[in-house]
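Q: Show me how the following folds:
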Amino acid sequence: MSRTLVWAALLSFALVLPLSGASAAVDPNPFQNREPTFNKKTLDLLNEAQRLMRAGKVDDAVRQLNLAASLEPNNPYVLARLGVALNITGNFQDALDRLRRAKKMGGANEVVLGPMLDAMLSMGQNQNVLDLFPDPPPDSHNFAAGMVLRARASALQVMGDSAGAAAAMKRSLAILNDYDGVMTAGRIALLQGDFDSADAHADEAFKLRPKDVDAQVLKIDLAMQKRLTDKAQAMADQLVADYPRSLTARLVRIKVLLASNRTDRAGPDIDRLMTDTPNMPIGRYFYAVYLARRGDPKGAWDIAHSLPKEYLQSDPGVAFNVANMAIAAGYLDSAASILNVVVLRFPWQLEARLVLTDLRLRQKSPQYARNTLAVVQDSKDPRVTALFARIALMMKDRVGAEKYIRQAIETGGGEELRILDKDVALKSLSDYSAAHPDNKLVRKQYAILLLGFGELAKARTAYEQLVRDDPNDAVALNNLSWLVVKDDPRRALALAQRAVKADPSSANNLDTLGTMLMNQSDFKGAALSLQKAHAMQPDNPEISYRLAVALEASEQGPQAEAILQDLVKRGGFSDLDAAKKMLASKLKMAGQTQLGR
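A: Numbering: from 1, shown residues only. Model (predicted):
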């Protein structure tokens, strides 16, 4: 997999960025009706820890709770509070150790069971939860049964058993229809794509706790899943404004900004998070994602590789992103180790399996690659069949390769053959297209492969035919524009305009149009087109650079300088040297102007 494809995959996983280590499957603060100690010094430490927690200073709170536990090492309730705080910081194994000790000391289920299950779920120990906490009997309606069913519902959902999760959650709510149960039901519904039920559960949670942050976070997550990013952004901004000291509010805003490719705007929140809680795993994870998006894969990996193993393995999306950081930084063995754990613990995670297979092939291990794909050998996904074809070719199995190549093409995935040898990929599509001249999709994919493999003259011929066949094919119009610009810049502009008219929602089309307008010295028109593209893809440095050039040429120097300053600070993109020269020239001219006054 190329670096470009790796980062595309990384971006595609943005929506699974975790909000916190807690799964919300269980009550994280079960002490409201229980006084844990009568020792005044211990009680003062507990109260101070609670104050620090409300202020978002979780690490400081843990230090206070450690002191309290040292004063009363045999008090299960103090130890359990420490376990809850450690859960919140993402130190799930330490939390679980404390909570198990508290249980052995006589801690009641109402205090220790929920946080214990939470720690196990947060570490991805879903099968352990199912094995160690079996389904309660139908006539069991006590607190423990309700909590176990709640945790089992979360585990079953993660393990891919949506029906089992729904059934367990329904039983749990019949026993414990409290805020945390409703929230768990809402999040499970969200994962299952049942947006109406998720929304209804969120409304029910608001009735139980009108000002609770987590219920508002569920609403924001729901907006993100519906692709209502502007609405989610507004809701996250309001949440931070309403609760400026809330760590959760700031985390969810970072999550929304990263998930909607507004990375630069996430910077101040991430900086504050790293200042206030430098050791919190989720903060360091977000910082690593930020650095990766800013073109610093080495810096991203330096942060990410030190994340606690239990945090890294608790969520397949987190592990996948970190593995991609390792790949981008050149640490392929580390990436393979991370992904190997992902596919073992989350066997249905296809994206991780595909990247791991690619790594095994790059490591010249076709047998290991085939073993990795064995679980999905019946898949009709053309990415899978293309990889099987690549494995077969590496193992000198020409017949098997041809079978898988044909399957990839017939399932609409001819473009996926780009991972094969150039000659094999092009001949395979060319032969199939010749035998099936009415298959327009194959002809489109053949043109894309020709362009991708640098066969520009043949690609132009192919795209000319595609445009003749369908004058409103936006992709063909856009790609043909680039192919003819050198010989006929006016026609290139006309093609780009037609592409935008056919698909005005494409940032790629708007970027092409902006470039073609600049070629015709229409800098104001170019700036307008590129501003639209930039608004759609604010994290794309190439679009940002071309926008800066257009702004400068249209006498909008201050706006151009601001973009260039940010681009140079970011680094890590193809036009970096040009951006540095342009910025240096602007700063030199500004200095000369000041001296002349």
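Q: Quick check: closest non-adjacent residue to Asp242.
A: In this structure, Asp242 finds its nearest non-sequential neighbour in Ala249, 7.6 Å apart by C-beta to C-beta, 6 or more residues apart in numbering. C-beta here means a position set from N, CA and C on the backbone, and glycine is covered the same way.
Q: For the helix or strand containing that neighbour, name the packing helices and strands.
A: Ala249 is part of helix 247-259 when elements are defined by DSSP states H and E. Where contact means 3 or more C-beta pairs under 8 Å, 6 or more residues apart in numbering; DSSP states H and E, helix 247-259 is packed against helix 213-225, helix 229-242, helix 263-276, helix 281-293.
Q: try it again with 6 Å
A: If contacts are counted by 3 or more C-beta pairs under 6 Å, 6 or more residues apart in numbering; DSSP states H and E, helix 247-259 sits against helix 213-225, helix 229-242, helix 263-276.
Q: Tell me what angle that helix forms with helix 213-225.
A: 10 degrees (axes from the mean of the first three to the mean of the last three C-alpha atoms, to 10 degrees).
Q: Please work out which residues outside helix 247-259 touch it.
A: With contact meaning C-beta atoms under 6 Å, 6 or more residues apart in numbering, helix 247-259 is reached by 14-15, 17, 19, 56, 213, 217, 220, 224, 232-233, 236, 239-240, 243, 265-266, 269-270, 286, 289.
Q: And the helices in the stretch 301-450 of the chain, which stretches?
A: Taking DSSP state H, counting those that start in this stretch as the criterion, the stretch 301-450 of the chain carries its helices at 309-312, 316-329, 332-345, 350-362, 366-373, 382-394, 398-410, 422-435, 440-452.
Q: most packed of those?
A: The highest mean neighbour count among the helices of the stretch 301-450 of the chain, using mean count of other C-beta atoms under 10 Å, belongs to helix 316-329: a mean of 25.
Q: Give me the mean pLDDT for it.
A: Averaged across helix 316-329, the pLDDT comes to 92.
Q: now swap in stretch 263-275 and tell me
A: Per-residue pLDDT values over stretch 263-275 give a mean of 90.
Q: Kindly export it (C-alpha atoms) in PDB.
A: Extracted C-alpha coordinates of stretch 263-275, given in PDB (Å, rounded to 0.1, in the frame of the first residue of the first chain):
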ATOM      1  CA  THR A 263      -7.000  19.700  12.200                       C
ATOM      2  CA  ASP A 264      -5.600  23.100  12.600                       C
ATOM      3  CA  ARG A 265      -8.500  24.300  14.600                       C
ATOM      4  CA  ALA A 266      -7.900  21.400  17.000                       C
ATOM      5  CA  GLY A 267      -4.400  22.600  17.800                       C
ATOM      6  CA  PRO A 268      -5.200  25.000  20.700                       C
ATOM      7  CA  ASP A 269      -7.400  22.400  22.500                       C
ATOM      8  CA  ILE A 270      -4.700  19.700  22.100                       C
ATOM      9  CA  ASP A 271      -2.100  22.100  23.400                       C
ATOM     10  CA  ARG A 272      -4.200  22.800  26.400                       C
ATOM     11  CA  LEU A 273      -4.900  19.200  26.900                       C
ATOM     12  CA  MET A 274      -1.200  18.300  26.800                       C
ATOM     13  CA  THR A 275      -0.400  21.100  29.300                       C
END
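Q: Give me the contacts around it.
A: 250, 253-254, 257-258, 283, 286-287, 290, 293, 539.
Q: if we go to 8 Å?
A: With contacts defined as C-beta atoms under 8 Å, 6 or more residues apart in numbering, stretch 263-275 is touched by 240, 247, 250-251, 253-254, 257-258, 280, 283-284, 286-287, 290, 293-294, 538-539, 566.
Q: again with stretch 204-216
A: Residues from elsewhere that reach stretch 204-216 (C-beta under 8 Å, 6+ apart): 24, 178-179, 182-183, 186, 202, 218, 235, 239, 243, 246, 248-249.
Q: would TSV of the residues you listed with distance to Ala374, pLDDT and neighbour count be doable?
A: Shown next, in TSV, are these (distance: C-beta to C-beta, whole Å; pLDDT from 0 to 100; neighbours: other C-beta atoms under 10 Å):
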residue	distance to Ala374	pLDDT	neighbour count
Ala24	35	42	22
Asp178	44	90	17
Tyr179	44	91	19
Val182	41	93	24
Met183	38	93	24
Gly186	36	93	28
Ala202	41	92	25
Leu218	38	92	27
Met235	44	95	20
Leu239	45	94	22
Tyr243	48	90	17
Ser246	46	85	18
Thr248	41	87	19
Ala249	44	91	23
